[in-house]
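> Have a look; sequence and predicted model below, questions after that.
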Amino acid sequence: MRYAILQKGISRSFPEGDAFLAGASAAADAEVLICLGAPLPNDAKRAAILVELGTECLADHTGLEAAPANVLGFARYRNGDDVPSKLVEIVRHGQTSAAALDAARAVFADKSLEVAVCNDQVGRIIDRLVRPKYNAALRLLDEGLATQADMDLTCKLGLGYPDGPIERVIRGGLANHYDVTSALFDVYGTTAFAPARQAVVAARRRKAK
């Protein structure tokens, strides 16, 4: 599946030097367009048009009514400033065609990336699952339940995690965690998404610099 990249600015999913960027074709030859910060084109002839998402919904780009059947959103999971993972979350809307979804899957699968598909919700799958866990771990650390090392060790040995939740969220950046959880909390209003104190402090210190 041939794809072209329309890019404006830096992409979190595909940073400079990523092999996915090097595999792109010329726009005239491509069946799929990948928009990395670039405006969404109106091109019904393409098999699929994929819009890179941050914390926003796909509907922010397409509108809520009569969204084009060949437009989807996507985000490659990345823990803060860590190297991007192999997982790409594809976002579909109510009018997404099966052919467009198949084309989107093929583009990423051809580059050995794993795909998960979800409906258009802020936070998609991963952030809605893991951000409350990070907040809970940070709050338990604040309450003095145990040291960071002990809580991370418990999760690694007891639950089989490759790294502990506090270790992971700190490595990814507490200010980054604040940005994501704040966006989730603004939409859902659930206390589990309210940024933990350490993340709030990190964000304020970032702003003060």
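Sure thing, it's come through.
> residue nearest the centroid of this protein?
Per C-alpha atoms, centre = their mean, the C-alpha nearest to the average position across the chain is that of Ala75, at 4.2 Å.
> ok, what's across the strand from it?
Glu89 (DSSP bridges).
> Tell me the helices and strands packed up against the lengthiest helix in the chain.
If you go by DSSP state H, the chain has its longest helix at helix 126-142. Contact partners of helix 126-142 among helices and strands, from 3 or more C-beta pairs under 8 Å, 6 or more residues apart in numbering; DSSP states H and E: helix 148-159, helix 165-172, helix 174-188, helix 197-208. Every residue, glycine included, has its C-beta placed from N, CA and C.
> That one versus helix 165-172: what angle between them?
For helix 126-142 against helix 165-172, the angle by axes from the mean of the first three to the mean of the last three C-alpha atoms, to 10 degrees is 110 degrees.
> So which bits of helix 126-142 are buried?
Across helix 126-142, burial judged by 16 or more other C-beta atoms under 10 Å covers Ile126, Asp127, Arg128, Val130, Arg131, Pro132, Tyr134, Asn135, Ala137, Leu138, Leu140, Leu141.
> Please list the residues outside that helix that contact it.
Residues from elsewhere that reach helix 126-142 (C-beta atoms under 8 Å, 6 or more residues apart in numbering): 55, 77, 87, 89, 121, 123, 146-148, 151, 155, 164-166, 168-169, 177, 180-181, 184, 190, 192-199.
> now stretch 26-42
Contact partners of stretch 26-42, identified using C-beta under 8 Å, 6+ apart, comprise 1-11, 13-14, 24, 43, 46-52, 61-62, 68, 71, 103-104, 107.
> Any quick PyMOL command for the buried ones out of those?
Here is the PyMOL command that selects the buried residues among those (16+ other C-beta under 10 Å):
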select buried, resi 1+3+4+5+6+11+13+14+24+46+47+48+49+50+51+52+61+62+68+71+103+104+107
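> and the contacts of stretch 26-42, which of them are in helices?
Counting by DSSP H, these place His61, Thr62, Ala103, Ala104, Val107 in helices.
> buried set for stretch 74-86?
Buried positions in stretch 74-86, judged by neighbour count with 16+ other C-beta under 10 Å: Phe74, Ala75, Arg76, Tyr77, Arg78, Asn79, Gly80, Pro84.
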